[in-house]
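Participant: Have a look at this prediction, sequence included:
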Amino acid sequence: MNNSQQCGTGRSRSRRAELIAIGRKLFADTSYDALSVDDIARHAGVAKGLIYYYFKNKRGYYLAIIEDSVAELVVRAASTHDLPPAERVQHTVDGYLRYAQHHQAAYRAIVTGGVGFDAEVLALRDGVREQLVLAIARGAWGRGDVPLVARTALIGWLAGVEGVTLDWLNHQGLPREVVCSLLVRWLGDTLRMIEDYAPECPAPARSGP
């Protein structure tokens, strides 16, 4: 690939990323059905042909936005750096809640299946769960290859987290720090239960009472 082709590819990726960023803002405030491709193009200040060029149709555009949101959610939740195990767990849960709090429309779409329980959005949600389970496993045990019983227990905890988070977003009655503390303690109980079934996966030491 020559320099001009590389520049063209870079501009194309940049323009696509700009359109996704605009779409995330649009769908945060407006339902999927309420926005037409004409509306999207008008808000983005581009010809609607550009939307079709990059995404084929409105659904493709929406899925690209959800994929982008998924990537950000996983990065935020898993960015534990070199923290001790207990702090990694705390950081992962807090990152998850921060994302949900500040990107509510995208979060709801990810965990509820998006438009009409779209199968592709549900597949993205399942991918998020797997990546978050991996992040938690690495945070708790420093490894991703865990026994099936550990994965099953973590998936159960994560499904509960989704329900708690949705309820929290709907009511906003508790500070994020309190919700985080509740979920971390619940996760601690789950990790200790996993240790009972899989001693090779010891629970991190308690960081507090």
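Facilitator: On my side now, so go ahead. Numbering: from 1, shown residues only.

Participant: Can you give me the neighbour number for Asp39?
Facilitator: Using other Cβ atoms under 10 Å, Asp39 has 14 neighbouring residues. C-beta coordinates here come from the backbone N, C-alpha and C atoms, glycine included.

Participant: Sorry, wrong one. I was asking about Lys25.
Facilitator: Neighbour count of Lys25, defined by other Cβ under 10 Å: 12.

Participant: any chance you could map the strands in this structure?
Facilitator: With strands called from DSSP state E, the chain shows none.

Participant: Skip the chain neighbours and tell me the closest residue to the most centrally placed residue in it.
Facilitator: The centroid of the chain falls nearest to Leu73 when counting by Cα atoms, centre = their mean (3.2 Å). Nearest non-adjacent residue to Leu73, counting by Cβ to Cβ, 6 or more residues apart in numbering: Tyr99, 4.9 Å away.

Participant: Which pLDDT value goes with the one you found?
Facilitator: Predicted confidence (pLDDT) for Tyr99: 83.

Participant: again with Ala105
Facilitator: 77.

Participant: Now do the same contact list for the closest residue to Val46 other than its chain neighbours.
Facilitator: With Cβ to Cβ, 6+ apart as the criterion, Val46 has its nearest non-adjacent residue at 7.4 Å, and that residue is Leu19. The neighbourhood of Leu19, defined by Cβ atoms under 8 Å, 6 or more residues apart in numbering, consists of 44, 46, 50-51, 54-55, 61.

Participant: Just give me the least confident of these.
Facilitator: Among the contacts of Leu19, Ala44 has the lowest pLDDT, at 87.

Participant: what number of residues lie near the closest residue to it other than its chain neighbours?
Facilitator: The shortest distance from Ala44 to any residue other than its chain neighbours is 4.8 Å, reached at Ile22 (Cβ to Cβ, 6+ apart). Residues lying near Ile22 (other Cβ under 10 Å) number 16.

Participant: that older thread, in ChimeraX, how would I select the buried members of the contacts of Leu19?
Facilitator: Buried members of the contacts of Leu19, defined by 16 or more other Cβ atoms under 10 Å, are picked up in ChimeraX with:
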select :44,46,51,54,55,61
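
Participant: Isn't Arg176 up against Leu97?
Facilitator: Yes - counting by Cβ atoms under 8 Å, Arg176 touches Leu97, with 5.3 Å between them.

Participant: Mind checking which of the two has more residues around it?
Facilitator: Leu97 (23 against 14).

Participant: And the more buried one, how far from Thr165?
Facilitator: Distance of Leu97 to Thr165, given as Cβ to Cβ, to the nearest Å: 7 Å.

Participant: So Trp168 is in contact with Glu177, correct?
Facilitator: No - Trp168 sits out of contact with Glu177 when judged by Cβ under 8 Å, with a separation of 11.8 Å.

Participant: Overlap in contacts, these two.
Facilitator: With Cβ under 8 Å, 6+ apart, Trp168 and Glu177 have no common neighbours.

Participant: Next, the contact list for Val37, please.
Facilitator: By Cβ under 8 Å, 6+ apart, Val37 lies in contact with 48, 51-52, 57-58, 61.

Participant: In helices only, show me these.
Facilitator: Mapping these onto helices (DSSP state H) picks out 48, 51-52, 58, 61.
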